[in-house]
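In: with the input below, show me the fold.
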Amino acid sequence: MNNRNSPTNPRHGLARMTAMLMVLFCSFVPLHAQKLVINRPEFGNYVALWRISHDPVVDDHANYHQHQCWSHDGRYLTYRHCTIVADARGGQPYAGSARPTVRVYDFLKNEERELGLGILMMPGASWANHYNWLFYVQIKEGDRGFAADGGSPVIWVDMDTGKSVKIGDGMDQIGGVDCNDQWVYGGIKDTLRTPAFRTARIPIRAGGGTQELKDSTGCQWVTNPRHPMFFTRHDNKAEPFGGGVWWWNLDGSNRRAGMLALEAAHMAW
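Out: Numbers count the residues shown, from 1 in each chain. Down below sits the predicted model:
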């Protein structure tokens with residue numbers, strides 16, 4: 001007669017099989033859901049991780065260079081979506097395809113939305129500081145992930161209403177939005193400069209137009225979310241303790257050293 005706790009007991013085997021099926025079911029279902037919530041017992045009732053992307057053949061990049069990927073109220077998350085493809089020329093086992101898309105995840109509705117084709121270079125989109133407004137550089141199918149030679153349009157999307165409008169042309173990369181949500185900062189490609197960009201900004205209104213800030217140099221154009229200033233990054237590899245990050249007023253004036261270092265770094269406010 002089998003002992004109740006013996007491994008050979010049929011009831012014990014049935015219980016083990018049921019437990020295994022439950023584990024497999026719980027593991028399988030989230031992989032096909034839009035959002036996987038992973039809880040850690042040691043964190044109590046707090047959510048430890050929300051996993052948005054489950055596909056191993058895509059590159060869903062969100063907060064590159066510590067760029068803010070969340071909307072101001074935490075409802076939306078934006079990221080650049082690329083299919084991973086082999087790229088022997090790049091010297092890497094994989095690389096993003098030439099068709100990057102700007103996507104937004106809505107945590108209230110638990111759904112994903114694709115806004116359109118965006119630039120391959122990160123960050124691909126920027127949020128306003130006080131509204132659920134998203135801005136990105138829009139490219140065409142044949143641009144292969146990079147803005148056209150003359151730059152590309154900057155699109156303003158109000159995520160709460162779904163309305164989209166073009167506010168300007170000519171940018172190759174996008175930076176941030178100023179603390180008052182009046183300007184979008186970015187760069188115009190210029191190979192005669194190092195870094196190879198001219199700083200520019202666009203007022204947030206339909207057909208606002210692109211304004212070059214001729215005194216400002218550098219790249220990244222990271223705006224301060226609380227104060228009227230932004231910084232640019234310079235790769236300083238020649239001068240010990242030279243400027244690697246410069247602070248600017250919003251009109252591109254009043255340059256001052258934001259970081260003196262022996263190596264370049266990715267900075268954030």
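
In: flag the shaky bits of the protein, pLDDT-wise.
Out: 1-40, 43, 46-61, 63-66, 84-98, 122-123, 142, 144, 235-243, 260-266 (pLDDT under 70).

In: let's see 80
Out: The chain contains residues with pLDDT under 80 at 1-67, 82-99, 119-124, 141-151, 191-196, 234-244, 258-269.

In: hey, where'd the helices end up in it?
Out: Using DSSP state H, the helices of the chain run over residues 10-31.

In: neighbours around the closest residue in space to Met159 that isn't next to it in sequence, how many?
Out: For Met159, ignoring the flanking residues on the chain, the nearest one in space by CB to CB, 6 or more residues apart in numbering is Asn132 at 4.3 Å. Glycine gets a C-beta too; all of them are placed from N, C-alpha and C. Asn132: 18 surrounding residues under other CB atoms under 10 Å.

In: and Asn132, what is it in contact with?
Out: Neighbour list for Asn132: 71-73, 75-76, 158-160 [criterion: CB atoms under 8 Å, 6 or more residues apart in numbering].

In: can we see that at 10 Å?
Out: Going by CB atoms under 10 Å, 6 or more residues apart in numbering, Asn132 touches 71-73, 75-76, 104, 106, 157-161.

In: just Gly162 next, same as before
Out: So Gly162 contacts Arg113 (CB under 10 Å, 6+ apart).

In: distance of it relative to Glu114?
Out: 13 Å (CB to CB, to the nearest Å).

In: please apply the same query to His81.
Out: For His81, the distance to Glu114 equals 8 Å [CB to CB].

In: which residues are common contacts for those two?
Out: With CB under 10 Å, 6+ apart as the test, His81 and Glu114 both reach 101-103.

In: between the residues you listed, which has the most around it?
Out: Val102 (25 neighbours).

In: related to what we said a few turns ago, among the shared contacts of His81 and Glu114, which are in strands?
Out: 101-103 (DSSP state E).

In: adding distance to Ala128, write these out as JSON lines.
Out: Below are these laid out as JSON lines (distance: CB to CB, whole Å):
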{"residue": "Thr101", "distance to Ala128": "21"}
{"residue": "Val102", "distance to Ala128": "15"}
{"residue": "Arg103", "distance to Ala128": "18"}
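
In: closest one of those to Met267?
Out: Using CB to CB, Val102 comes nearest to Met267 of those, at 23.7 Å.
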